[in-house]
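Asker: heads up, no residue letters with this:
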């Protein structure tokens, strides 16, 4: 589903990604781990077609980035640590706006479904301004799944959420992942992603330094695996 | 470090010699103008500096387009170099213009078309400089700089046209116009020689300075690279 | 694999997305009214300051009215442009727009037309107020046309530059500094054309300014349309 070969991204002279190789099969849920400044967000922004690669090849569902960005965008749902929502619109209006941006055929019905999915059906007519951080993040996920994307990218979705909100978010994430979607999620919170992901990749100093399937590792060992990979 | 190219060293010497000849021509070859007296001699360098200023302004916009197409940092260095040179030469042109304006129109500053346009271009450079100062990422800095240089280059001719529509008292010395404009004069052949010679010398001077400034920019880039290598 | 849509479809989608962005901006503003009220109050304050700074007696009013109006619009305009782009930047919404499978020109035109509407609303309120305060009739169709064309030129460049300014460290402070020297032809010709209409000058006197405005609008709409990609894409 996602194929990345020798990806290099430089900001000015500084190389953030240095020859990164990465691939994801359809239906996989990959947790992308790594210390701060390892290039996780940059990498995800490149996959999301928001940033152009300096060198290397990026293909999503057979489409080349950045040349075929328009085709790729249709397949992508992105959640970042910012909500990407408008404060002065209601939950419903926010979704309606994005539904129009994606030219969805049956927007009202789809918006209802999505609000149900993220548990905000009762707050549909409230301004996003009045939402808690956790509710905003759930609505942000609703926004991202609105057009039923095949590939989902999550950039640190748990940032700034308290325990309860995190658990609610995980429920939604599980539901989203259960639909045979391909998911890539960055995180530095190992405990959180441990039981969500089906594969763990470690990104350090601009490269993928280690990768392991969940079936091949004991959940308690993930932290040790991560430490070894980063210190290598 | 790369040594100074032989050709550049030759060009430096040529520039100095040609420039000294230009000074000689202005003071000893060109005849004294009847109504204006000695002050008229400022005219030769005044027009030449303004010409270089304009050259730099247009070069910056031209390489701005090239930069946006190629994304190669060299073109950003060239653009910045051209603008810095243009900034200084326009400033000299404004000052020499004031020296001219004092005896001719009995005022240091007039809201004449060309003088005003030159002043506006200086303000545009101030804005350009502040824009660049406000951006950390070198790639974005280059991109925005190029965009602004292009916009400026489209707008300034229209500004010029609109100020000219307002009214002008600037003498049009070369290429027709009203020969009876106040402060105007007609050129003798010796004046003409001095005038065009100055234009050519200043153009060569522009190339020489541009070359130096580009080298400086490239060296600065190399220093940045080495710093990054050290910190990595 | 899904195939890419045919060109007609693409054009329609671009149009739909443009409308969606305008609708979104208007709906949010209708609710909060933050931007419009700030622009309006600011406009009235600018006029107040001019009133005392210039001692607007009856004779002076005739000649300086168009200058005051355009200075007011220009200053108030930067407030709106800044605010409108800050909304997109602060909560990552610009990324949201860029993620959508729509042509970038839809984002540009959506924002620009939204900005134009806000500007026209402010002008539609300032003009009658000014008329009443100074007992000058400003409802001349020619003048209204000039205001429309002038605001268009201002917004076309302003939207592009605000998208740049909002991505810098200095942000709000930078926009007027970037915008005013580039938008100067609009201000000059709009002031002269408005003055012409207010003083009931001959059309032959006004025409050059009117044409200059038109030329500026056409050139910069095309330029901004082509350049916008480079401002928002990384």
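Answerer: Thanks, I have it. Because the structure is a prediction, the values reported are computed rather than measured. Numbers count the residues shown, from 1 in each chain, chains lettered A, B, ... in the order given.

Asker: who touches the most centrally placed residue in chain B in this structure?
Answerer: The residue lying closest to the centre of chain B (C-alpha atoms, centre = their mean) is residue B:53, at 1.4 Å. Counting by C-beta atoms under 8 Å, 6 or more residues apart in numbering or on different chains, residue B:53 touches B:86, B:87, B:89, B:90, B:93, B:118, B:121. In short, each C-beta sits where N, CA and C put it, glycine included.

Asker: can I assume the first one is in contact with residue B:51?
Answerer: No. Here residue B:86 lies out of contact with residue B:51, judged by C-beta atoms under 8 Å, at a distance of 10.6 Å.

Asker: Looking at those two, which is more packed in?
Answerer: residue B:86 (24 against 18; other C-beta atoms under 10 Å in any protein chain shown).

Asker: The more buried one belongs to a helix, doesn't it?
Answerer: Yes. Counting by DSSP: H, G, I helix; E, B strand; the rest coil, residue B:86 is part of a helix.

Asker: Please tell me the pLDDT value assigned to the nearest residue to it once chain neighbours are set aside.
Answerer: With C-beta to C-beta, 6 or more residues apart in numbering or on different chains as the criterion, residue B:86 has its nearest non-adjacent residue at 2.7 Å, and that residue is residue B:56. pLDDT recorded at residue B:56 is 95.

Asker: quick one: low-confidence parts of chain B?
Answerer: For chain B, the stretches with pLDDT under 70 are B:1, B:167-185, B:232.

Asker: Can you spell out which helices and strands pack onto the longest helix seen in it?
Answerer: The longest helix of chain B (DSSP state H) is helix B:189-231. Helix B:189-231 sits against helix B:6-24, helix B:42-70, helix B:73-105, with contacts defined as 3 or more C-beta pairs under 8 Å, 6 or more residues apart in numbering or on different chains; DSSP states H and E.

Asker: Next, the angle helix B:73-105 makes with it.
Answerer: Angle between the axes of helix B:189-231 and helix B:73-105 is 140 degrees (criterion: axes from the mean of the first three to the mean of the last three C-alpha atoms, to 10 degrees).

Asker: Chain C contacts on chain B?
Answerer: Contact residues, chain B versus chain C (C-beta under 8 Å from any C-beta of the partner chain): B:68, B:120, B:123-124, B:126-127, B:130-131, B:133-136, B:139-140, B:143-144, B:146-148, B:150-152, B:154-155, B:158-159, B:161-163, B:165-166.

Asker: And the helices in chain A?
Answerer: A:40-47, A:69-75, A:91-101, A:107-117, A:133-145, A:163-177, A:190-193, A:222-231.

Asker: For chain B, find the nearest of the ones you listed.
Answerer: Closest approach to chain B among the helices of chain A (C-beta to the nearest C-beta): helix A:40-47, 11.4 Å.

Asker: and the closest one, what other elements does it pack with?
Answerer: Partner elements for helix A:40-47 (3+ C-beta pairs under 8 Å, 6+ apart): strand A:2-11, strand A:14-24, strand A:29-33, strand A:55-60, strand A:151-155, strand A:182-187.

Asker: Let me know whether the helix or strand in which residue B:124 is found sits next to chain A.
Answerer: Using DSSP states H and E, residue B:124 sits within helix B:113-133. No. Counting by C-beta under 8 Å from any C-beta, chain A has no neighbours in helix B:113-133; the shortest distance is 12.6 Å.

Asker: Check the helices of chain A for me: which has the lowest mean pLDDT.
Answerer: Lowest mean pLDDT within the helices of chain A: helix A:190-193, at a mean of 77.

Asker: And that helix, what's buried?
Answerer: Going by neighbour count (16 or more other C-beta atoms under 10 Å in any protein chain shown), the buried part of helix A:190-193 is A:190, A:192, A:193.

Asker: So which residue is dead centre in the chain?
Answerer: Looking at chain A here, since you left the chain open. Nearest to the geometric centre of chain A sits residue A:154, at 1.6 Å (C-alpha atoms, centre = their mean).

Asker: that's the other chain; I wanted chain C
Answerer: In chain C, the centroid-proximal residue (C-alpha atoms, centre = their mean) is residue C:155; its distance is 3.0 Å.

Asker: how about that residue, secondary structure?
Answerer: State at residue C:155, reduced to three classes by three-state DSSP: helix.

Asker: What's the separation between it and residue C:196?
Answerer: Using C-beta to C-beta, to the nearest Å, one gets 23 Å for the distance from residue C:155 to residue C:196.

Asker: from chain A, which residue is nearest to chain C?
Answerer: For chain A, C-beta to the nearest C-beta, closest residue to chain C: residue A:82, 3.0 Å.

Asker: Could you give the backbone dihedrals for that residue?
Answerer: The phi/psi pair for residue A:82 (degrees, to the nearest 10) reads phi -90, psi 150.

Asker: excluding its backbone neighbours, what's nearest it?
Answerer: Closest residue in space to residue A:82, ignoring its immediate chain neighbours: residue C:92 at 3.0 Å, by C-beta to C-beta, 6+ apart.

Asker: which ones are touching residue 232?
Answerer: Reading this off chain A. Going by C-beta under 8 Å, 6+ apart, residue A:232 touches A:204, A:209, A:210.

Asker: wrong one, chain C
Answerer: Residues in contact with residue C:232 (C-beta under 8 Å, 6+ apart) are C:94, C:98, C:104, C:107, C:163.

Asker: So what's the residue count around the closest residue to chain A within chain B?
Answerer: Residue nearest to chain A within chain B (C-beta to the nearest C-beta): residue B:138, separated by 2.7 Å. Per other C-beta under 10 Å, the neighbour tally for residue B:138 reads 18.

Asker: does it really touch residue A:11, like I thought?
Answerer: Yes. Here residue B:138 reaches residue A:11: they are 6.9 Å apart, a contact under C-beta under 8 Å.

Asker: who touches the residue in chain A that chain B sits nearest to in this structure?
Answerer: Proximity to chain B, evaluated over chain A using C-beta to the nearest C-beta, is greatest for residue A:12 at 2.7 Å. Taking C-beta under 8 Å, 6+ apart as the criterion, residue A:12 is in contact with B:73, B:137, B:138, B:139, B:141, B:224.

Asker: Around residue A:194, count how many other residues there are.
Answerer: Neighbour count for residue A:194, taken as other C-beta under 10 Å: 17.

Asker: quick one, phi psi at it?
Answerer: phi -50, psi -50.

Asker: Then residue C:138?
Answerer: phi -100, psi 0.

Asker: hang on, isn't it packed against residue C:124?
Answerer: No. Judged on C-beta under 8 Å, residue C:138 makes no contact with residue C:124 at a distance of 11.0 Å.

Asker: Which one's more surrounded, the two?
Answerer: residue C:138 (21 against 11).

Asker: measure that one to residue A:89 for me?
Answerer: Distance of residue C:138 to residue A:89, computed by C-beta to C-beta: 35 Å.

Asker: contact partners of stretch C:182-190?
Answerer: So stretch C:182-190 is contacted by B:120, B:124, B:151-152, B:155, B:158-159, B:161-163, B:165-166, C:66, C:70, C:74, C:146-147, C:149-150, C:153-154, C:157-158, C:161, C:180, C:209-210, C:212-213, C:216 (C-beta under 8 Å, 6+ apart).

Asker: need the longest helix for chain C.
Answerer: The single longest helix within chain C, with elements called by DSSP H, is helix C:58-90.

Asker: wait, does that one contact chain A?
Answerer: Yes. Judged by C-beta under 8 Å from any C-beta, helix C:58-90 comes into contact with chain A through residue C:87.

Asker: same for that helix, what does it pack against?
Answerer: helix C:34-54, helix C:93-99, helix C:104-134, helix C:141-165, helix C:174-198.
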